[in-house]
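Asks: prediction below, plus the sequence it came from.
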Amino acid sequence: MAFFRRGKDGGREPWFAVRRDLSTKRASILSLASFALPLAIWAGVSYLPFVWHPDIRLELSADREDVTTVYIAGDRVSKEFFPTFTDAVRKQNASVEDQLKTDAPLGGATESSIRRSNKKILRHLAPVLIANKRIDESQTKDDEIIYQAWKDIARGTWRPDSPALTEENLSIIQRNWRAMETVSDTYDSDNFISVPLISLIPQGKSANPDYLPSPDQVAKSGIKVFTAPAEGDRPSMMQRVGHSIRIVFGGFLLAAIIGVPIGVLCGTYSVFSKLVEPFTDFFRYMPAPTFSTLLVAIFLANDAPKIALVFVGTFFQLVLVVSNTTRRLELPLLEAAQTLGANQWQLITKVVIPGILPNLYNDLRILLGWAWTWLVIAELIGVKSGLTEFIETQGRFRNFDMVYPVIILIGLIGFFTDQILALLRGIIFPYTEEGAAASANPFIKALLFVPRWFKDAVDQRLPHDFSEKSSTPSQA
Amino acid sequence: MIPPSLETIDYREQSPEVKDRFNRLKERPVVLSVENLGKTFPTTDGTVTALKGVDFEVFRREFMCVIGPSGCGKSTLIRILAGLETESSGQVLLDGNPVAGPGPDRGMVFQSYTLFPWLTVKQNVMFGPKMAGRSGASVEGEARQWIDMVGLSQFENSFPHQLSGGMKQRVAIARALANQPRILLMDEPFGALDAQTRAQMQNYLLQIWRNLDITILFITHDLDEAVFLADRILVLKANPGEVDEIIEVPVPRPRRLDQTITPEFIATKHRINQLIHPDDEGGNDTLPFARMTAEGDDVE
């Protein structure tokens, strides 16, 4: 069976062995692939025009008569709608040509209105000129330069190539120029063509919807977003990150400082458990966001209600999780400690707390993840702030290429915090199995060198037994 | 079934040396005295009597084993002695004083491994003295001695997860002894170990016991273990847990492994077996299902 074929990398272990660890090499390859695959899918959808691309991103647009919705270059229209759009413009051009052949070529319009619409037609070329770096974004209404560009294109002395113009549009430019050059060779606002010109036909490239920008767009916008300095009351991205982290950690630490002792007491004594847990259990089913208006009313503006929201969202879970972890501490350990003479206080400080610490650490790691999930809602209440405010604002302008980098950043902060904390666990708790595994890992060995060296250095300088020497401080 | 030749030996017959040993043993002061001890548990089906009218004494430096069928309350008994459970009636006296709650005067070794995983071997052994408020070099020195005694000096800075099961229990014994308790309570301490390790541990325990002024109350369900270790064996019967008989083991000391096939050893074992399994006629319990293989094979 192909599924159970032996792997090639010298290993006789099958790839698909039920609940068996893979070799380090295979595991690393797969871990890399777990990130590479989604990225590859994203890139594939973005760069392969045949994969999805349901829209046309306009490089060149046109106005249509009697239509209130105006599309400008850069907008997206669906592939179904695009032919309707171009046909409407072509029809409009045809009717202009027909009108010119009649006895009343102006069709009753005034010369000034025709001049105005002719100017508009010329300016429709501007986005192509910008894309081809002929003009910059401030010159879209510089009729003199645009007039010159029309002339150059019509005479063939300059040819835009990215994007290039369609043959149809090139012939429209030549046709319009023949009419324009009869009036003036250069732009002259007093002597501007007053015979109707025909419009450029909208052209564009197939594209994905704006909510799915391509990886390179996101990367470029990301660099722009993260390097932009603070401006007035618009904070820089790093200031926003700092603000968001302060809210998450503020709420989380507050919840931990109050919640851990309560949880430990509940897990140790049934008295506290029965007194605290039923209500806590009930309270945690009330979603934290439902308290947002209340929290704003109580804590007013600024960060206080936000931190309070993270606190409300984390605290009740934390108490229950910690009490459960405390209860999971093996009873025989507590009994052994009692037969060794530990009193109640010693039982908690010398047995319960050190005993649950590795698991407590893991709990807090997971709860920190919870706290992160409340961040977005917390930043939306009261005065919007931090990363979420940026996402909200840019999202409203449909600048999704700016939104993605921030979303990814939040993910990365959370992910790396968690990974680092997981790594540290083995170092902090060398007596756990993970600790044993961690000390065997060459990377962690290298990392461990510094704290070990520090510890040894401290050990050598400090009296060996703190409790004994601390009673005679004069010795130091 | 024991060979017919051994049935002639009565487990109550003691050689003069053994008899003399028991006479001297009973002259020693009583360390632990259990008087009319009873324990009932409330359950949904009414109260269950786990122990009833349990009466016995343990003399100083005696090694007493408690054995009985499963459900006879031997664990409940030792937990009451340790102070981890409260008795329903009667009382427990340690050196003549009633005990209430757990205390360092009664050390306990559990069947499950109860070393504190976050402490090294040495720190585990120092735990009791530290709880008593002692600290410093003397405690550490004592701890080293105890660790030395159970033969684990090389491992004093190891964490429990680096030790084998037998080593963990040796540390547990050292840790209990470091408090210098009046009596060491052992609740099937070798139950989780493999047969070889268990034999080795029994041997170690006898050595420790011989060299220290320590009284041991040892719970087991293993007949060989009980007879090999004990001076006297307290046999409990089940439903309710009552003292069936206190057997004086006629096997001379010091004990060696080859004594396990001597007539007095086997006779004692046989007696306990009779007490614990009164209905078992020589291991002839049969299962109710019919033969399922072809007749005439050479299994029997």
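Replies: Received, thanks.
Asks: all contacts plus neighbour counts: C-alpha atoms, from now on.
Replies: OK.
Asks: A:Leu387 in helix, strand or coil?
Replies: helix (DSSP: H, G, I helix; E, B strand; the rest coil).
Asks: what residues are up against it?
Replies: Listed by CA atoms under 8 Å, 6 or more residues apart in numbering or on different chains, the contact set of A:Leu387 reads A:237, A:240-241, A:244, A:379, A:406.
Asks: write out the residues of the stretch 51-200 of chain B neighbouring chain A.
Replies: Residues of the stretch 51-200 of chain B lying close to chain A (CA under 8 Å from any CA of the partner chain) are B:82-84, B:102-104, B:106-110, B:112, B:114-118, B:127-128, B:131-132, B:135-136, B:159-161, B:176, B:179.
Asks: strands of chain A, start to end?
Replies: A:55-60, A:76-78, A:203-207 (DSSP state E).
Asks: pick the most buried one from those strands.
Replies: strand A:55-60 (a mean of 23; mean count of other CA atoms under 10 Å in any protein chain shown).
Asks: okay, angle between it and strand A:203-207 too, please.
Replies: 150 degrees (axes from the mean of the first three to the mean of the last three CA atoms, to 10 degrees).
Asks: could you list the buried residues of stretch B:27-35?
Replies: B:30-35 (16 or more other CA atoms under 10 Å in any protein chain shown).
Asks: ok, those vs chain A, which is closest?
Replies: B:Leu32 (16.2 Å; CA to the nearest CA).
Asks: tell me the SS of that closest one?
Replies: Applying three-state DSSP: B:Leu32 is strand.
Asks: mind checking pLDDT for it?
Replies: Here, the pLDDT recorded for B:Leu32 equals 96.
Asks: what's across from it in the sheet?
Replies: Applying DSSP bridges to B:Leu32 gives these bridge partners: B:Val58, B:Leu94.
Asks: surely it and B:Val92 touch.
Replies: Yes - if you go by CA atoms under 8 Å, B:Leu32 and B:Val92 touch, sitting 7.3 Å apart.
Asks: identify each buried residue in stretch A:141-160, please.
Replies: Applying 16+ other CA under 10 Å to stretch A:141-160 flags A:143, A:145-147, A:149-151, A:153-154 as buried.
Asks: I meant stretch A:325-333, not that one.
Replies: Quick answer for stretch A:325-333 (16+ other CA under 10 Å): A:325-327, A:329, A:333.
Asks: could I get the average pLDDT for that stretch?
Replies: Stretch A:325-333 comes out at a mean pLDDT of 94.
Asks: quick one: contacts of that stretch?
Replies: Residues from elsewhere that reach stretch A:325-333, judged by CA under 8 Å, 6+ apart: A:263-264, A:267-268, A:351-352, A:355-356, A:359-360, B:110, B:112, B:114-116.
Asks: is there a quick ChimeraX command that grabs whichever of those residues are buried?
Replies: Written as a ChimeraX command, the selection of buried residues from these, which uses 16+ other CA under 10 Å, is:
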select /A:263,264,267,268,351,352,355,356,359,360 /B:110,112,114,115,116
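Asks: flag every buried residue along stretch B:263-281.
Replies: For stretch B:263-281, a neighbour-count test (16+ other CA under 10 Å) marks B:263-273, B:275-276 as buried.
Asks: can you redo those as a markdown table with distance to chain A?
Replies: As requested, the buried residues of stretch B:263-281 are exported to a markdown table (distance: CA to the nearest CA, whole Å):
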| residue | distance to chain A |
| --- | --- |
| B:Pro263 | 39 |
| B:Glu264 | 37 |
| B:Phe265 | 34 |
| B:Ile266 | 35 |
| B:Ala267 | 37 |
| B:Thr268 | 33 |
| B:Lys269 | 31 |
| B:His270 | 34 |
| B:Arg271 | 34 |
| B:Ile272 | 30 |
| B:Asn273 | 31 |
| B:Leu275 | 31 |
| B:Ile276 | 28 |
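Asks: can you list which of these are found in strands?
Replies: Counting by DSSP E, these contribute nothing to strands.
Asks: can you tell me which of those residues comes closest to A:Thr166?
Replies: B:Ile276 (102.7 Å; CA to CA).
Asks: find the nearest non-adjacent residue to the closest one, please.
Replies: Distances taken as CA to CA, 6 or more residues apart in numbering or on different chains place B:Pro69 nearest to B:Ile276, at 5.6 Å, with adjacent residues excluded.
Asks: just B:Glu142 next, same as before
Replies: Using CA to CA, 6+ apart, the closest residue to B:Glu142 is B:Ala178 (7.5 Å).
Asks: okay, now that neighbour: neighbour count?
Replies: A count of neighbours around B:Ala178, defined by other CA atoms under 10 Å in any protein chain shown, yields 25.
Asks: no more questions from me, cheers.
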